[in-house]
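1. structure for this input, please:
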Amino acid sequence: GKVVEKRENITSLGHKAGLQSISDFQNNEKNIKDKNNANLDQMEEAGKHAETIYRDKSGKRIDMLNQYMETQANNKLSKKQKENDEVECGRGKIQKEIELKMKEQLQEIKSAPFARTVDELDMELKQVIRPEDPMAKYMKVKIEKKVKTSSKLLYKGPPPKPNRFGIMPGYRWDGVDRG
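-> Numbering: from 1, shown residues only. Next up is the predicted model:
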């Protein structure tokens with residue numbers, strides 16, 4: 001006849017299936033725990049001194065040190081390139097001199113006790129009349145008209161304290177603050 005092999009059924013946890021005595025179950029349970037503990041110890045030792053593996057969105061490994069070095073090199077190159085682009089941006093000699101003067105003025109302003117706003121600087125630049133400016137003649141005439149039309153009497157005493165509205169005192173003010 002046929003020889004039938006007797007096969008033991010084992011559960012997913014590793015226990016024998018079917019009816020068993022308590023001592024057999026306890027021995028089997030002890031063997032399973034010992035195997036699992038040995039496997040865990042082996043895995044802990046293997047991964048204890050291993051480096052962390054970083055991956056990108058697609059799952060490829062990323063070498064952090066090399067990537068950091070590459071980004072640093074790229075940043076240095078891009079900074080140098082930006083500086084060169086700013087210097088050689090098709091500007092002439094006079095524009096570069098003007099820019100240097102502006103930088104020097106800004107440094108002086110930084111060291112001054114009171115800061116000026118950008119609007120004040122802009123107004124100062126607008127008020128300067130340059131001889132090569134095609135609008136210079138027109139601006140001179142315009143300024144002269146303003147002087148002639150201001151027939152109001154103005155206060156000519158000591159400089160008043162600034163007020164929150166920037167209003168100048170009347171021409172009859174005696175310079176005494178009574179408020």
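2. can you show me the helices along the protein?
-> 22-48, 64-87, 93-111, 118-127, 136-149 (DSSP state H).
3. would you mind saying which of those helices lies nearest K161?
-> When those are compared by Cβ to Cβ, helix 118-127 sits nearest K161, at 19.2 Å. Where you see a C-beta, it was placed from the backbone N, CA and C, and this is true even at glycine.
4. now that closest one and helix 136-149, what's the angle there?
-> 110 degrees (axes from the mean of the first three to the mean of the last three Cα atoms, to 10 degrees).
5. any idea of the mean pLDDT in helix 118-127?
-> On average, the pLDDT along helix 118-127 is 80.
6. can you check stretch 97-109 too?
-> For stretch 97-109, mean pLDDT rounds to 86.
7. pLDDT score for the residue nearest to the spatial centre of the chain?
-> The centroid of the chain falls nearest to N75 when counting by Cα atoms, centre = their mean (14.0 Å). N75 is assigned a pLDDT of 90 by the prediction.
8. and the gap between it and Q127?
-> Applying Cβ to Cβ, to the nearest Å, the value for N75 to Q127 is 42 Å.
9. circling back to that earlier point, mind giving me a markdown table with the helices of the chain and columns for distance to R172?
-> A markdown table is the format used below for these (distance: least, Cβ to Cβ, whole Å):
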| stretch | distance to R172 |
| --- | --- |
| helix 22-48 | 91 |
| helix 64-87 | 55 |
| helix 93-111 | 37 |
| helix 118-127 | 29 |
| helix 136-149 | 22 |
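10. number of nearby residues for I109?
-> Neighbour count of I109, defined by other Cβ atoms under 10 Å: 13.
11. that one and E97, how far apart?
-> 19 Å.
12. for G166, same thing?
-> Counting by Cβ to Cβ, the separation of G166 from E97 is 35 Å.
13. higher neighbour count, those two?
-> Neighbours were counted for G166 and for E97 using other Cβ under 10 Å; E97 has more, 10 against 6.
14. any idea how far K60 is from N9?
-> Per Cβ to Cβ, N9 is found 43 Å from K60.
15. now swap in T117 and tell me
-> Distance of T117 to K60, computed by Cβ to Cβ: 52 Å.
16. could you do G47 as well?
-> To K60, G47 is 21 Å away according to Cβ to Cβ.
17. that'll do, ta.
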